[in-house]
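1. Okay, sequence plus prediction incoming.
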Amino acid sequence: MKLIFEKSKAGRGCDILPSCDVPVVELDDNLKRQKELRLPEMSETDISRHYTELMKRTFGVNDGFYPLGSCTMKYNPKINDEIAKLPGFSNIHPLQSISTVQGCLEVMKKAEEYLCEITGMDGISFQPAAGAHGEFTGLLLIRAYHQARKDEKRNKIIVPDSAHGTNPASAAMAGFTVINIASTKDGYVDLEELKKVVGEDTAGFMLTNPNTMGLFDKNILEITEIIHKAGGLNYYDGANLNAIMGIARPGDMGFDVVHLNLHKTFSTPHGGGGPGSGPVGCKENLIKFLPLPRVEEEDGVYKLILEKEESIGRVKGFYGNFLIVVRALTYILTLGGNGLKYASENAVLNANYMMHKLKDIYKMSFPGPCMHEFVMTIEDLKKEKGVTALDIAKALLDYGIHPPTMYFPLNVHEALMLEPTETESKETLDEVVEIFKKVYEEAMSNPQSLHQSPKKTPIGRPDEVTAARNPVLRYHF
Amino acid sequence: MKDMLFSKTHEWIQFLDETTVRLGLTDFAQSELGDLVFINLPEEGDEILISESFADVESVKAVSNVYSPVTGTVSRINEELLDHPELVNESPYEAWFVEIENVREQHELLSEEEYQQFIHEEE
């Protein structure tokens, strides 16, 4: 497919502007650009076809099964967009008078209250624009907490090896030294290892529970207590909250700070330009450090708090990606408390159903039952037939399903991590199980063929190595 | 591979003299990682500690830490690797990462034969 710049024809265009009804004013020469902007010049027909062609080459949850582990690619109900489209939400400006956007502030406050209830936190900020941004903000809260107590020797964040790659990266960005600890053979936090590394330099501990192996850490209360006793704080990565909504709360497990991914758990748009939202929640004793602005209510009147002495300040312009919060609140209100719990129960049920149906063929990294996701290892296939997790993932593309997460978590070799989510029917799961079986049979009988997969997609195997070593990130005119 | 010793975290070590070593990644490690696309090295003069990560390597699959089997001071880094990470895949035992001087502490290291045995058991 040609790039839009390659399709450009000089002089062609589709701008039909009304004639100017005000006197023309010329800018001074020093304010004018020296060269014309090099925009593609095309007719509306060709632009429309270009983007339709691109659209046909993408794959989303509206196209088919999308079991990308730890990403919670659930279906996003259309009502979320209907509500976000209401003019009272979509036609506002962040600088207009607060008295004219009371309803919008109420949405932020209500969403904060509900998410506090779901997570067991006492305050939440919607400012972070994505999950990793939420992690970074949460870690700044932990740093502010220790600094306020003049306990500045605490510079280490402990992260288990099963953590999302963003955890150590966020901790390093926030100025901490990262201490990695290995998991036990069963995939849990190793209590003995943890006890060995905690001390008076421990600032905090980052964990997602259930973890990336899809296992709920039964020692969670003991883990968080070890950290608290050492003087550190516990950070909950909300990536896997979809497994426990309405059933268990990070706040009750001993966590002090939480970030959520509204685009995972609360069905807002996922990737592809977002915008995202990674709210960060905390316990009462940390609320004063939360970023600004914050919404507060007094006698039914909502206001934006712009200054607070101990706040870590702003981490983004204005107050988060508002329409994403509208979508998340719509989702929460549509499902209700029981509905959210039912969603989590079904997310866990669907994962266990798939795991059970596949376990006689594919080798599971950890015996079930699992929570909302599970991890398979292709290690044996690699040894016997030279077929890798990548080959299996590529072969799945030919059957019109998105591959699972590959090569993650890092403590499992040749990992494939599946998270079917609650929004898939039993019929879809059955179909997909058959496809996974077919691909396995192909791997056994004709491994060479799998090395050449996919065969039906517009692009076969892009040269990822050259792309990463010599990235071409812009068009060269 | 003459005079090389190996760690259980898949680094090779070559003693240049009694307290100076070169470190690199083993052939097994590079083949497990796949094609490397980026390498992060420490700076000359950095103190590195036994069992701690002193470099990281990125493949199309993942970013992985490289752990030090010794404690000492970085005296040289192999800058060529920064622009040519593929050298580690092509000739892992020539593509050294760093030279470390004042080596004060070291893990129990394996001979080539013991290392091969170790990989075999791991598998």
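-> That came through fine.
2. Grab the nearest non-local neighbour of the residue of chain A found nearest chain B.
-> Closest to chain B within chain A is residue A:468: 3.6 Å, counting by C-beta to the nearest C-beta. Just so you know, the C-beta spots here come from the backbone N, C-alpha and C atoms, and that holds for glycine as well. Nearest residue to residue A:468 in three dimensions, chain neighbours excluded: residue B:37, at 3.6 Å (C-beta to C-beta, 6 or more residues apart in numbering or on different chains).
3. How confident was the prediction at the one you found?
-> If you check residue B:37, the pLDDT there is 94.
4. Is it in a helix, a strand, or coil?
-> Here residue B:37 is recorded as strand under DSSP: H, G, I helix; E, B strand; the rest coil.
5. Settle this for me: it is touching residue B:56, isn't it.
-> No: at 11.9 Å, residue B:37 does not count as touching residue B:56 under the criterion of C-beta atoms under 8 Å.
6. Which of these two has more residues huddled nearby?
-> residue B:37 (20 against 13; other C-beta atoms under 10 Å in any protein chain shown).
7. residues in contact with that one?
-> Residues in contact with residue B:37 (C-beta atoms under 8 Å, 6 or more residues apart in numbering or on different chains) are A:465, A:468, A:469, B:58, B:59, B:60, B:85.
8. need those residues in JSON lines with distance to residue B:15 and pLDDT, can you?
-> Output for the contacts of residue B:37, formatted as JSON lines (distance: C-beta to C-beta, whole Å; pLDDT from 0 to 100):
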{"residue": "A:465", "distance to residue B:15": "33", "pLDDT": "90"}
{"residue": "A:468", "distance to residue B:15": "34", "pLDDT": "89"}
{"residue": "A:469", "distance to residue B:15": "32", "pLDDT": "87"}
{"residue": "B:58", "distance to residue B:15": "29", "pLDDT": "93"}
{"residue": "B:59", "distance to residue B:15": "29", "pLDDT": "90"}
{"residue": "B:60", "distance to residue B:15": "34", "pLDDT": "83"}
{"residue": "B:85", "distance to residue B:15": "25", "pLDDT": "94"}
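9. for those, which one is nearest residue A:231?
-> If you rank those by distance to residue A:231 using C-beta to C-beta, residue B:58 comes first, at 34.4 Å.
10. isn't the closest one right next to residue B:36, touching?
-> Yes: Residue B:58 lies in contact with residue B:36 (C-beta under 8 Å); the separation is 6.8 Å.
11. Tell me the residues on chain B that lie near chain A, please.
-> B:32, B:35, B:37-38, B:53, B:58, B:60-65, B:85-86, B:123 (C-beta under 8 Å from any C-beta of the partner chain).
12. Now tell me which helix or strand of chain B has the poorest mean pLDDT.
-> In chain B, no helix or strand scores lower on mean pLDDT, DSSP states H and E than strand B:63-67, which sits at a mean of 88.
13. In its sheet, which strands sit next to the next helix or strand after it, and in what direction?
-> Using DSSP states H and E, the helix or strand that follows strand B:63-67 in sequence is strand B:70-77. Sheet pairing of strand B:70-77 (DSSP bridges) gives strand B:47-48 (antiparallel), strand B:98-106 (antiparallel).
14. Flag every buried residue along strand B:70-77.
-> Along strand B:70-77, these residues count as buried under the neighbour rule (16 or more other C-beta atoms under 10 Å in any protein chain shown): B:70, B:71, B:72, B:73, B:74, B:75, B:77.
15. chain center to the longest helix seen in chain B: distance?
-> Assignment by DSSP state H gives helix B:112-122 as the longest helix of chain B. Taking C-alpha atoms, centre = their mean, to the nearest Å, the mean C-alpha location of helix B:112-122 is offset from the chain mean by 17 Å.
16. cool, stretch B:74-92 as well?
-> 10 Å.
17. what's in contact with the longest helix of chain B?
-> B:1, B:4, B:6, B:8, B:26, B:28, B:110.
18. if I look at the last one, how far off is chain A?
-> Distance check for residue B:110 against chain A: by C-beta to the nearest C-beta, to the nearest Å, it reads 20 Å.
19. Can you report how many residues neighbour that residue?
-> For residue B:110, using other C-beta under 10 Å, the count is 18.
20. Going by residue numbers, what spans are helices in the stretch 51-200 of chain A?
-> Here the stretch 51-200 of chain A has its helices, by DSSP state H, counting those that start in this stretch, at A:78-84, A:87-90, A:102-119, A:131-148, A:166-173, A:191-197.
21. okay, those, which one's buried deepest?
-> helix A:131-148 (a mean of 23; mean count of other C-beta atoms under 10 Å in any protein chain shown).
22. So which elements touch that helix?
-> Helix A:131-148 is packed against helix A:166-173, strand A:202-207, strand A:233-237, strand A:257-259, strand A:280-282, with contacts defined by 3 or more C-beta pairs under 8 Å, 6 or more residues apart in numbering or on different chains; DSSP states H and E.
23. what's the following helix or strand after the fourth one?
-> Translated: strand A:257-259. That would be, after strand A:257-259 and using DSSP H and E, helix A:262-265.
24. Any chance you could list what contacts that next one?
-> A:71-72, A:74, A:131, A:238-239, A:241-242, A:245, A:268-271, A:274, A:276-279, A:324-325, A:327-328.
25. what does stretch A:375-382 give?
-> Here stretch A:375-382 has contacts from A:69, A:212-214, A:358, A:362-366, A:387-389, A:392, A:409, A:412-418, A:440, A:443-444, using C-beta under 8 Å, 6+ apart.
26. Can you turn the buried part of these into a PyMOL selection?
-> Per 16+ other C-beta under 10 Å, the buried members of the contacts of stretch A:375-382 correspond to this PyMOL selection:
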select buried, chain A and resi 69+212+213+214+358+362+364+365+366+387+388+389+392+409+412+413+414+415+416+417+418+440+443
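27. Just the contacts of stretch A:375-382: which are in helices?
-> Those of those lying in helices (DSSP H): A:358, A:389, A:392, A:440, A:443, A:444.
28. What's the mean pLDDT across stretch A:134-141?
-> Averaged over stretch A:134-141, pLDDT sits at 98.
29. Just the CA coordinates for that stretch, please, in PDB.
-> Only the C-alpha atoms of stretch A:134-141 are listed here, as PDB (Å, rounded to 0.1, in the frame of the first residue of the first chain):
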ATOM      1  CA  GLY A 134      -0.400   6.800  36.600                       C
ATOM      2  CA  GLU A 135       2.400   4.600  37.900                       C
ATOM      3  CA  PHE A 136       4.800   7.500  37.700                       C
ATOM      4  CA  THR A 137       2.400   9.700  39.500                       C
ATOM      5  CA  GLY A 138       1.700   7.100  42.200                       C
ATOM      6  CA  LEU A 139       5.400   6.700  42.800                       C
ATOM      7  CA  LEU A 140       5.800  10.500  43.100                       C
ATOM      8  CA  LEU A 141       3.100  10.200  45.900                       C
END
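30. How many neighbouring residues does residue A:164 have?
-> With other C-beta under 10 Å as criterion, residue A:164 counts 22.
31. still on that earlier bit, now intersect the contacts of helix A:262-265 with the helices, please.
-> A:131, A:324, A:325, A:327, A:328.
32. For those residues, which entry has the maximal number of neighbours?
-> residue A:327 (28 neighbours).
33. Can you tell me the centre-most residue of chain B?
-> By C-alpha atoms, centre = their mean, chain B has its centre lying nearest to residue B:24, at 2.7 Å.
34. tell me the SS of that residue?
-> Residue B:24 ends up strand, using three-state DSSP.
35. Tell me what it is bridged to.
-> Here residue B:24, judged by DSSP bridges, has bridge partners residue B:12.
36. So what touches the lowest-mean-pLDDT helix or strand in chain A?
-> One helix or strand of chain A scores below all others by mean pLDDT, DSSP H and E: helix A:464-469, with a mean of 89. Helix A:464-469 is touched from outside by B:35, B:37, B:38, B:58, B:60, B:85, B:86, with contacts defined as C-beta under 8 Å, 6+ apart.
37. Give me the number of neighbouring residues for the fifth one.
-> Residue B:60 is surrounded by 17 other residues when neighbours are defined as other C-beta under 10 Å.
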